[in-house]
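**Student:** A predicted structure for the sequence below; I have some questions about it.
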Amino acid sequence: MRVRGRILLGLALLAVAFVVPGAAHAGDGGILVKAGSTAYVDVTIHEEVEIPEAEITFRTQGDYAAFYLLPHFATHEPVGALWSPRVGAGGDRRLVRLGTGWQLTPGLYRLYVIADRATDVFIPLPGSAFRAYRALRPAQASVRQSGFRVGATDDVREQRLPAVATSRRTLVAAVSYATSASLTGVDHSTTCLVARRKDCAATALPALRLPASSARSDDAALYPAGRYEGVSRLARTAGVHADTTVATLVLVLNT
């Protein structure tokens, strides 16, 4: 019985936290979390802090990775970011914000790592101690990827990807990447999350002007249980156009 108790205690400690000697970020204040797939661990934020976006680090063997700090109490705002190095046109590596800002207030949070393969995420927290965790509790998440091409003579095209929320506070995010070789045309790209069969215009999201190269539009929020759609729309407005490629990703995390 004593040996069995020690084994159980060791497994419990492994599920909560571990120390990484010589880790890349061990000298920096923040949280390093490792996960083999989508999973979560509970963490405590001890003081108010703003996460410096430029110092967030993802290391993944998969097509995408994200973290999401969901507070146990609704009085706090969630914070998160998505990184999709192999999704979208032009190898866009900018982070997609999955919250309203980067400010964390003290309290208990459920830290989700959303990934399709082994992933490390470092979340910098200036002025705090370095902590490392291994997320072992599985979480339910789905990621749908699709895309379409808008021909040089097309005026508008739209794509809708379904998203089903099953929990009271479900993270739903839609991200679209548009790439064109046109140097003289003007495209407007919008991405939004809406109830099924609703139109993007109801969200009053600003359109992105795409005179050349690539651009991204996105929308993310917590939603109650229900059926939604991630809508990606590209419209031609002026100038001479080349073909435009649009890649869309819809992420659903049932918390």
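**Tutor:** All right, it came through fine.
**Student:** In a strand, residue 63, correct?
**Tutor:** No - secondary structure of residue 63 (DSSP: H, G, I helix; E, B strand; the rest coil): coil, not part of a strand.
**Student:** Quick one: neighbours of it, just the number.
**Tutor:** By other C-beta atoms under 10 Å, 15 other residues sit near residue 63. Every C-beta, even on glycine, is put in place using the N, C-alpha and C of the backbone.
**Student:** Look up how far residue 178 lies from residue 34.
**Tutor:** 34 Å (C-beta to C-beta, to the nearest Å).
**Student:** who has more neighbours, these two?
**Tutor:** Neighbour count, other C-beta under 10 Å: between residue 34 and residue 178, residue 178 has more, with 28 against 19.
**Student:** what bridges to that one?
**Tutor:** With DSSP bridges applied, the residues forming beta bridges to residue 178 are residue 215, residue 246.
**Student:** Am I right that it is in contact with residue 245?
**Tutor:** Yes - contact criterion C-beta atoms under 8 Å: residue 178 and residue 245 qualify, at 7.2 Å.
**Student:** Which strands or helices does the helix or strand harbouring residue 149 pack on?
**Tutor:** Using DSSP states H and E, residue 149 sits within strand 140-150. Strand 140-150 sits against strand 107-115, strand 156-165, strand 226-238, strand 244-254, with contacts defined as 3 or more C-beta pairs under 8 Å, 6 or more residues apart in numbering; DSSP states H and E.
**Student:** Could I get these in TSV, plus columns for mean neighbour count, mean pLDDT and distance to residue 125?
**Tutor:** TSV is the format used below for the helices and strands packed on strand 140-150 (neighbours: other C-beta atoms under 10 Å; pLDDT from 0 to 100; distance: least, C-beta to C-beta, whole Å):
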stretch	mean neighbour count	mean pLDDT	distance to residue 125
strand 107-115	22	96	12
strand 156-165	17	93	29
strand 226-238	20	89	31
strand 244-254	24	91	22
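**Student:** Among the ones you listed, which comes closest to residue 133?
**Tutor:** For the helices and strands packed on strand 140-150, proximity to residue 133 was assessed by C-beta to C-beta; strand 107-115 is nearest, at 7.2 Å.
**Student:** Since that was my last question, I'll sign off now.
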